[in-house]
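Asker: for reference, the sequence and a predicted model appear below.
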Amino acid sequence: MGAVVGTLTMQTKQRRPSRDKADDDLEMTMVCHRPEGLDQLEAQTNFSKRELQVLYRGFKNECPSGVVNEETFKQIYSQFFPHGDASTYAHYLFNAFDTGHSGSIKFEDFVTALSILLRGTVTEKLQWTFNLYDINRDGYINKEEMTDIVRAIYDMMGKYTYPVLKHDAPKQHVDAFFQKMDKNRDGVVTLDEFILSCQEDENIMRSLQLFENVI
Amino acid sequence: MAAGVATWLPFARAAAVGWLPLAKKTMPKPPVDNSSRSDEILYVNVSGVRFQTWKNTLDRYPDTLLGSSEKEFFYNEDTQEYFFDRDPEMFRHILNFYRTGKLHYPRHECIQAFDEELAFYGIVPEIIGDCCMEEYRDRKKENQERLAEDTEANEATDAPLPPHSTPRERLWRAFENPHTSTMALVFYYVTGFFIAVSVIANVVETVPCQPPKGGVKNLPCGEKYQLAFFCMDTACVLIFTFEYLMRLFAAPSRCKFMRSVMSVIDVVAIMPYYIGLVMPENEDVSGAFVTLRVFRVFRIFKFSRHSQGLRILGYTLKSCASELGFLLFSLTMAIIIFATVMFYAEKGTKGSTFTSIPASFWYTIVTMTTLGYGDMVPNTIAGKIFGSICSLSGVLVIALPVPVIVSNFSRIYHQNQRADKMRAQQKVRLARIRMAKKGTTNAFLQYKEDRDRDSDSTALCVKNRSAFEHQHHHLLHCLEKTTNHEFTDELTYSELCMTESVGFRTSRSTSLSSQQGAQNNSTGCCPRRARRRAAMRLANSTVSVSRGSVQELDTLHVKTTSIPPQTRSSLNAQAEDLKLNCGEQDFTAAIISIPTPPANTPDESLPPSPAPIPGILRNTRATTYTHDTFKISSL
């Protein structure tokens, strides 16, 4: 009889540990972050108060806790590219946005990056792009980093493309890129080389003005 | 698209700056956005209840009524607000969906009313959040079942027979649903009657009747009227045998039928009679024969075909088997414990009925189930104490598991229902989500087609697309220009593969090696199709030249009709290049056997594979020949 009761209670005990873990996770996500004042942000970025308001409303609605972690970031970005796999490129983007390397993007990081990309000077934009390509942040872009980035971009295209994606398409792309950017042929591209080469290319200069009026 | 994607589009477009230094071609112009940039508050009047919300909130879901330009039809110029003549209570939930991204189902509302509101506002019910989804589904299912029952009751009499059914199918149907035809109904009642007759005969057989003249003791009626009972038994068994053979003949799957429970019961019910016929009238054997007659009582289980309740009971017991087993096990433990204790307690007394532990089992069972026959009674004080503990615990042990079994049964039953429901719904849900995803990709491809087809009449296309779609398509266009590749759909992609292989065949379709080379190439991009085509080609390769020219015509025909409009010019140019250049090619490695498909054949569904490029790599390292041809096609 006692054995009956004993076995029944043992079963319920086994089920509890998993529930505790879920509670812990829930607690961690309750941490909230509030951005600095509107005036401060207006001074730091190139956005007007109204634009910041619209941006924050959208941001807060998606992330009530005030921060975006990498998983959410990847999910959001992947929604725009249903054909292919945008998670690798989203990972690099996340690192570029997360200047403080805290593992999450706060509203200030978000708005600062947007301000550079949409309202910044040509040099600032190119600097940001260089930062994006320089995965290990050592000041140089080498072929491996560039190949990773280019492959991530090609992944976003997905499988069904015209013409059919060949295996060495990213590699060729990287070679062409280095041909253009690496002035002293030392195998790496520095920030100055990058900015100089981009400024020489009219196409790039023209297209940098494309996204001015996105917001 | 899913929640709040519209808010993140500006960020995704800004991030496109990262592609610019890599772009192989120039970026397309961004769409001109004439709509006012500033966010404004909209007023929505729903049957007198005024709601206010930001315009951006409603723009989050551009494929719904409130998010698209459809709401302009409801705009009231005089009051400067959008007026909807619908239920304001429901609208609250709809508006909350825009605000939070989650749709909740209010439990107090009628499911049909809710569905109608969702349909009006253009919201798919699949978006309902997980918190309310189960409730929604249950109510919907319940509602549908209720409606279905009503319609079924209305048309129960005239269920149409499928046309061109063989007599065998009709017979099976008559057996399964006796209500379909009068013959079946008659047969159903006749068998039911004979089952009852047989069971009653078995019972009455054993009742003692008046002894025949000159006899002393009472005889069971079976022996007095032996002939009559034998005739009745024979008639019943004949009917049952006939029925069983008919069912066996009509069953669509005989093996499955023979393994089913009902057929086993049928066999067990009629076997004793036949065995009795075969067996000789032997004294030694008749004991075993009498035992066999016990199996005749199984005929009563044949009633379960006639009774729905019996079937449900059987299913209940089957599904509760583990709980029942556990009850039995715990009872056994308790019996053993108490039997042992009682035996040792009563061991000393003279003339005790507790002769052994197995003998005490009987006492324990009788006491625990509170029967108390009184044939075995403890005499010692210790025995009486333990006996009382036994009877008290017996009440508990029997009473406790019964609610557990009942609730377990209820839980298991509903769990099974829910699991099946969820599995079915999951498939449907995933299919719908996949379709919606396909919708967005198709929208972009459609946009490209339209743009290529009538580049000067863009005004027409512009009207049908929202600002969000414009910007999203511009973003995808930028990606295309960066990589110098275009998006296509699966159909076009596979056609491209076929036409690439076709290009080689038209030039050298007669020689064996060319066909094998082409077959190598085609495995490069479409392994699955290549398998079939390779088999076809190898089969055809032994044929003469004249046949080969016919094949050429066939493939040419295929090439001209299957090319999609947007790529016609460029693809034709490519094919000609191929024709020109592969005349001089030296076919290197000639693999004789059909190449086995690679390990990871790319699946056809749209969700992307994580590494498309390595997959293609594995296919193209076959020969240098294929490498060269890809170089030709790269332009």
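Answerer: Cool, the structure landed. Numbering: from 1, shown residues only, chains lettered A, B, ... in the order given.

Asker: residue A:100 sits in which helix or strand?
Answerer: Of the helices and strands defined by DSSP states H and E, none includes residue A:100.

Asker: number of nearby residues for residue A:212?
Answerer: 11 (other C-beta atoms under 10 Å in any protein chain shown). Heads up, the C-betas are built off the backbone N, CA and C, glycines and all.

Asker: quick check: nearest residue in space to residue B:258, chain neighbours excluded?
Answerer: Spatial nearest neighbour of residue B:258, excluding adjacent residues (C-beta to C-beta, 6 or more residues apart in numbering or on different chains): residue B:248 at 7.3 Å.

Asker: what helices or strands is the one helix or strand the one you found maps to leaning on?
Answerer: Element membership for residue B:248 (DSSP H and E) is helix B:226-250. When contacts are defined as 3 or more C-beta pairs under 8 Å, 6 or more residues apart in numbering or on different chains; DSSP states H and E, helix B:226-250 packs onto helix B:167-176, helix B:182-205, helix B:254-259, helix B:261-278.

Asker: let me see the contact set for residue B:267.
Answerer: residue B:244 (C-beta atoms under 8 Å, 6 or more residues apart in numbering or on different chains).

Asker: got a pLDDT number for it?
Answerer: Note for residue B:267: predicted pLDDT of 89.

Asker: tell me who's in contact with the residue lying closest to residue A:124 once chain neighbours are set aside.
Answerer: What sits nearest to residue A:124 in space, not counting adjacent residues and going by C-beta to C-beta, 6+ apart, is residue A:116, at 5.0 Å. By C-beta under 8 Å, 6+ apart, the contact list for residue A:116 reads A:124-125, A:128.

Asker: let's see if you can find the most crowded of those.
Answerer: Neighbour tally across these (other C-beta under 10 Å): the maximum, 23 neighbours, falls on residue A:125.

Asker: list the buried residues in the helix or strand hosting that one.
Answerer: Using DSSP H and E, residue A:125 sits within helix A:122-133. Neighbour counts using 16 or more other C-beta atoms under 10 Å in any protein chain shown place A:125-133 of helix A:122-133 among the buried residues.

Asker: next one: residue B:486 from residue A:160, what distance?
Answerer: From residue B:486 over to residue A:160 the distance is 10 Å, taken as C-beta to C-beta, to the nearest Å.

Asker: tell me which of the two has more neighbours.
Answerer: residue A:160 (25 against 19).

Asker: quick one, phi/psi of the more buried one?
Answerer: The phi/psi pair for residue A:160 (degrees, to the nearest 10) reads phi -90, psi 90.

Asker: contacting residues for the closest residue to it other than its chain neighbours?
Answerer: Excluding the flanking residues, the one nearest residue A:160 by C-beta to C-beta, 6+ apart is residue B:493, at 4.2 Å. Shown in contact with residue B:493 (C-beta under 8 Å, 6+ apart): A:159-162, A:164, B:525.

Asker: what helix or strand is residue B:493 on?
Answerer: In this assignment (DSSP H and E), residue B:493 forms part of helix B:490-507.

Asker: the residue nearest to residue A:124: which element?
Answerer: Counting by DSSP H and E, residue A:116 is part of helix A:107-119.

Asker: same deal with residue B:445?
Answerer: Per DSSP H and E: helix B:401-453 holds residue B:445.

Asker: list the buried residues of the helix or strand harbouring residue A:152.
Answerer: Here residue A:152, judged by DSSP H and E, is contained in helix A:143-157. Buried residues in helix A:143-157, defined by neighbour count with 16+ other C-beta under 10 Å: A:143, A:145-157.

Asker: turn the residues you listed into a markdown table, including pLDDT and distance to residue A:71.
Answerer: Shown next, in a markdown table, are the buried residues of helix A:143-157 (pLDDT from 0 to 100; distance: C-beta to C-beta, whole Å):
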| residue | pLDDT | distance to residue A:71 |
| --- | --- | --- |
| A:143 | 88 | 30 |
| A:145 | 89 | 23 |
| A:146 | 89 | 26 |
| A:147 | 90 | 25 |
| A:148 | 90 | 20 |
| A:149 | 90 | 21 |
| A:150 | 90 | 24 |
| A:151 | 90 | 21 |
| A:152 | 90 | 17 |
| A:153 | 89 | 21 |
| A:154 | 88 | 23 |
| A:155 | 88 | 18 |
| A:156 | 88 | 18 |
| A:157 | 87 | 23 |
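
Asker: can you tell me the closest non-neighbouring residue to the residue in chain B that chain A sits nearest to?
Answerer: Ranking the residues of chain B by distance to chain A (C-beta to the nearest C-beta) places residue B:7 first, at 3.3 Å. Using C-beta to C-beta, 6+ apart and skipping the chain neighbours, the partner closest in space to residue B:7 is residue A:58 (3.3 Å).

Asker: give the helix, strand or coil label for the one you found.
Answerer: Secondary structure, DSSP: H, G, I helix; E, B strand; the rest coil: residue A:58 is helix.

Asker: and it, how many neighbours?
Answerer: 22.

Asker: pLDDT averaged over the helix holding residue B:493 - what is it?
Answerer: Mean pLDDT, helix B:490-507: 66.

Asker: near chain B, which of the buried residues of helix A:143-157 show up?
Answerer: A:149-151, A:153-157 (C-beta under 8 Å from any C-beta of the partner chain).

Asker: quick one: which of the residues you listed is nearest to residue B:84?
Answerer: residue A:156 (40.2 Å; C-beta to C-beta).

Asker: for residue 181, give me its contacts.
Answerer: Assuming you mean chain A. Neighbouring residues of residue A:181 by C-beta under 8 Å, 6+ apart: A:189, A:193-194, A:197-198, B:21.

Asker: wait, I meant chain B there
Answerer: Counted by C-beta under 8 Å, 6+ apart, residue B:181 has contacts residue B:174.

Asker: also residue B:23?
Answerer: With C-beta under 8 Å, 6+ apart, residue B:23 has these contacts: A:203-204, A:207, B:478, B:481-482.

Asker: now with 10 Å?
Answerer: Taking C-beta atoms under 10 Å, 6 or more residues apart in numbering or on different chains, we find residue B:23 in contact with A:201, A:203-204, A:207, B:16, B:478-484.

Asker: give me the buried subset of those residues.
Answerer: A:204, A:207, B:16, B:478-483.

Asker: these: which two are farthest apart?
Answerer: A:204 and B:480 (17.1 Å).

Asker: name the spans of chain A whose pLDDT lies under the cut-off.
Answerer: A:1-31, A:213-215 (pLDDT under 70).

Asker: find the closest residue to chain B in it.
Answerer: residue A:58 (3.3 Å).

Asker: mind checking how far that residue is from residue A:180?
Answerer: According to C-beta to C-beta, residue A:58 and residue A:180 sit 37 Å apart.

Asker: check residue B:188 too.
Answerer: The gap separating residue B:188 from residue A:180 is 87 Å, by C-beta to C-beta.

Asker: what sits against residue 58?
Answerer: Chain wasn't specified; assuming chain A. Taking C-beta under 10 Å, 6+ apart as the test, what residue A:58 contacts is B:4, B:6-11, B:39, B:54, B:56-57, B:60.

Asker: was after chain B, sorry
Answerer: B:6, B:42, B:44, B:64-68, B:71, B:82, B:95, B:98-99.

Asker: of those residues - the most surrounded one?
Answerer: Each of the contacts of residue B:58 was scored for neighbours by other C-beta under 10 Å, and residue B:66 scores highest at 26 neighbours.

Asker: what about it, is that helix, strand or coil?
Answerer: Three-state assignment for residue B:66 (three-state DSSP): coil.

Asker: find me the pLDDT at the residue lying closest to it once chain neighbours are set aside, would you?
Answerer: Excluding its sequence neighbours, the residue lying closest to residue B:66 (C-beta to C-beta, 6+ apart) is residue B:58, at 4.7 Å. pLDDT for residue B:58: 87.
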